[in-house]
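> Here is my input; please provide its structure:
(one chain, ligands or ions: 2)
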Amino acid sequence: MAKPISIEVYNPNGKYRVVSTKSMPGTRWINLLIEQDCRVEICTQKKTILSVEDIIALIGDKCDGVIGQLTEDWGETLFAALSRAGGKAFSNMAVGYNNVDVNAANKHGVAVGNTPGVLTETTAELAASLSLAAARRIVEADQFMRAGLYDGWLPHLFVGNLLKGQTVGVIGAGRIGSAYARMMVEGFKMNLIYYDLYQSTRLEKFVTAYGEFLKANGEQPVTWKRAASMDEVLREADVISLHPILDKTTYHLINKESLATMKKEAILVNCSRGPVVDEVALVEHLKQNPMFRVGLDVFEDEPYMKPGLADMKNAVVVPHIASASKWTREGMATLAALNVLGKIKGYPVWGDPNQVAPFLNENAPPPAASPSIVNAKALGLPVSKL
Ligand SMILES: NC(=O)C1=CN([C@@H]2O[C@H](COP(=O)(O)OP(=O)(O)OC[C@H]3O[C@@H](n4cnc5c(N)ncnc54)[C@H](O)[C@@H]3O)[C@@H](O)[C@H]2O)C=CC1
Ligand SMILES: O=C(O)C(=O)CO
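Numbering: from 1, shown residues only. Ligands and ions are numbered 1, 2, ... in the order given. Predicted coordinates for the structure are as follows:
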């Protein structure tokens, strides 16, 4: 028999049972559920990644909705279990949902939510931080100081790359990629080259306007280019940041061949998903090219790194913290809870998942809608007017 899973319960007499597989930041999300007659159960098991069996035990015999995490494997088994328990809603506490088999959710009539928009700037800021940390060798220099090795200023000590006037390349210029591009263009006066399946007109207009502003002030204007292929970005950019979704078109997008296309002194940043990069090929490339640097927030086999990566001085590595600002994490929890609540209450789906601000205003009740349901169309769910 499976071991019982430890939980914390809020509003035990609530009509609807909502389970969160993890404790999430803030209390607004709990309060919003309680106010709408939900009993909220939060898993307190001391285990970072829950197994499918753990989650089946949490779902139990009666469960109206689950808030889950990107580390969990939401496929046929879990959606079947949720559906058997009467559940109609699941939300990832994440914008990326490559851990979710949406077809399986559709089959069982379960709505799948995600949390777009609230993490755009926070994630872009971490990508910018990794770009700077790699360019200016901040982690290496910090380790050097702490090791007591600094014995005076030297002309060659930790010389890195100047970003101003160089070219930033963005692969996947959606919400986060565009926000990152703007930061690097505006903050460091870098020229932009981007590759996406779709044109980012707003981003292009921004760079054009900023270039005109610089020119009017007697400075070198910044420029932009939409690349016809990813290779064009890899060849031309000095700093390349990856921001696409993970699907079969982006799996190992960066591999041995694409790494060889990049400049020898380029910087590669990944704040998307680990499998977008072939990490074994990356480790080999870092070994062969000591001037090539990388800033990684995500890894192919999280929580592990491929052998050799931890030894590379030209790699800056952080543990998937790109969305980890207090405001963002509390907002993600709120959006995830409201996705589940909206479906339980029979509310429509919000008309534009890019405009989630009304759900995040702590001083006003949220709209009666689910902020972002990715399979709304497949399930034929009604859409609210904004
Ligand atoms: N490291 C972290 O903590 C975080 C990681 N993420 C990851 O970032 C991803 C992007 O998030 P958003 O910008 O909000 O999503 P988004 O949907 O706004 O942007 C993704 C962009 O990738 C483009 N794209 C898709 N396939 C492509 C391909 N084959 N080649 C080039 N571009 C392609 C899309 O057209 C879209 O513009 C998420 O799916 C998630 O996996 C998001 C937040 C935090
Ligand atoms: O939202 C996501 O997709 C994440 O990776 C966690 O922030």
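> hey, let's count contacts and neighbours off CA atoms from now on
Fine.
> got the buried residues for the helix or strand that residue 333 is a member of?
When secondary structure is defined by DSSP states H and E, residue 333 falls within helix 326-345. Taking 16 or more other C-alpha atoms under 10 Å as the basis for neighbour counts, the residues of helix 326-345 that come out buried are 328-344.
> For the stretch 151-300 of the chain, which segments are assigned as helices?
Listed in chain order, the helices of the stretch 151-300 of the chain (DSSP state H, counting those that start in this stretch) span residues 175-188, 201-216, 230-236, 256-261, 279-288.
> Mean pLDDT, mean neighbour count and distance to ligand 1 for those - can I get that in a markdown table?
Supplementary listing: these in a markdown table, determined by pLDDT from 0 to 100; neighbours: other C-alpha atoms under 10 Å; distance: least, C-alpha to the nearest ligand atom, whole Å:
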| stretch | mean pLDDT | mean neighbour count | distance to ligand 1 |
| --- | --- | --- | --- |
| helix 175-188 | 98 | 22 | 4 |
| helix 201-216 | 98 | 16 | 11 |
| helix 230-236 | 98 | 20 | 7 |
| helix 256-261 | 98 | 16 | 13 |
| helix 279-288 | 98 | 18 | 16 |
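> Same list (those) but as TSV, adding distance to residue 107.
Below are the helices of the stretch 151-300 of the chain laid out as TSV (distance: least, C-alpha to C-alpha, whole Å):
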stretch	distance to residue 107
helix 175-188	29
helix 201-216	37
helix 230-236	35
helix 256-261	38
helix 279-288	34
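> For residue 75, which of these is the nearest?
Closest of the helices of the stretch 151-300 of the chain to residue 75 is helix 279-288, at 25.4 Å (criterion: C-alpha to C-alpha).
> Check the offset of the closest one from the chain's centre.
With C-alpha atoms, centre = their mean, to the nearest Å as the basis, the distance from the averaged C-alpha position of helix 279-288 to the chain average is 24 Å.
> Next: stretch 125-145.
20 Å.
> Is that stretch in proximity to ligand 1?
No. If you take C-alpha under 6 Å from any ligand atom as the test, stretch 125-145 misses ligand 1, and the best it gets is 8.6 Å.
> quick check: mean pLDDT across that stretch?
Mean pLDDT, taken over the full extent of stretch 125-145, equals 98.
> how long is that stretch end to end?
The first and final residues of stretch 125-145 sit 25 Å from each other (C-alpha to C-alpha, to the nearest Å).
> same deal with stretch 318-331?
Across stretch 318-331, the terminal residues are separated by 22 Å (C-alpha to C-alpha).
> Could you pull up phi and psi at the nearest residue to residue 141 once chain neighbours are set aside?
What sits nearest to residue 141 in space, not counting adjacent residues and going by C-alpha to C-alpha, 6 or more residues apart in numbering, is residue 158, at 6.7 Å. In terms of degrees, to the nearest 10, the main-chain angles of residue 158 are phi 50, psi 50.
> Pull the contacting residues for residue 158.
136, 137, 141 (C-alpha atoms under 8 Å, 6 or more residues apart in numbering).
> who in the chain is up against ligand 2?
Proximity of the chain to ligand 2 is assessed by C-alpha under 6 Å from any ligand atom, with 94, 95, 96, 323 identified as the residues in range.
> and if we set it to 8 Å?
By C-alpha under 8 Å from any ligand atom, the part of the chain that sits against ligand 2 consists of 70, 93-97, 114-116, 119, 123, 271-273, 320-324, 329.
> For residue 35, see how far away the residue nearest to residue 173 when sequence neighbours are not counted is.
Excluding the flanking residues, the one nearest residue 173 by C-alpha to C-alpha, 6+ apart is residue 196, at 5.8 Å. Distance of residue 196 to residue 35, given as C-alpha to C-alpha: 42 Å.
> ditto for residue 141
Relative to residue 35, residue 141 is positioned 51 Å away (C-alpha to C-alpha).
> for residue 278, same thing?
The gap separating residue 278 from residue 35 is 46 Å, by C-alpha to C-alpha.
> Give me the more crowded residue out of those two.
residue 278 (19 against 11; other C-alpha atoms under 10 Å).
> Flag the shaky bits of the stretch 1-150 of the chain, pLDDT-wise.
Across the stretch 1-150 of the chain, residues meeting the criterion (pLDDT under 70) sit at 1-3.
> Near ligand 1, which residues of it? Just list them.
For the stretch 1-150 of the chain, the residues found near ligand 1 under the criterion C-alpha under 8 Å from any ligand atom are 94, 95, 96, 97, 98, 116, 117, 119, 120, 123.
> What is the burial count for residue 238?
When neighbours are counted by other C-alpha under 10 Å, residue 238 registers 23.
> Which pLDDT value belongs to it?
Here the pLDDT value assigned to residue 238 is 98.
> so who does it touch?
Contact criterion C-alpha under 8 Å, 6+ apart gives 166, 167, 168, 169, 263, 265, 266, 267 as the residues in contact with residue 238.
> where's it relative to residue 193, distance?
Distance, residue 238 to residue 193, using C-alpha to C-alpha: 10 Å.
> what is in contact with these two at once?
Taking C-alpha under 8 Å, 6+ apart as the contact criterion, the common neighbours of residue 238 and residue 193 are 167, 168, 169.
> Which residue comes closest to the last one once chain neighbours are left out?
So the one you mean is residue 169. Ranked by C-alpha to C-alpha, 6+ apart and with sequence neighbours excluded, the top spatial neighbour of residue 169 is residue 240, at 4.4 Å.
> Is it correct that the one you found is in contact with residue 173?
No. Because the distance of 11.8 Å does not satisfy C-alpha atoms under 8 Å, residue 240 is recorded as not touching residue 173.
> tell me, how many neighbours does residue 269 end up with?
Residues contacting residue 269 under the criterion other C-alpha under 10 Å number 26.
> For it, which residues are in contact?
Listed by C-alpha under 8 Å, 6+ apart, the contact set of residue 269 reads 127, 130, 131, 239, 240, 241, 242, 294, 295, 296.
> ok, now which ones touch the second one?
Right, the one you point to is residue 130. By C-alpha under 8 Å, 6+ apart, the contact set of residue 130 is 269, 295, 296, 316.
> All set now, cheers.
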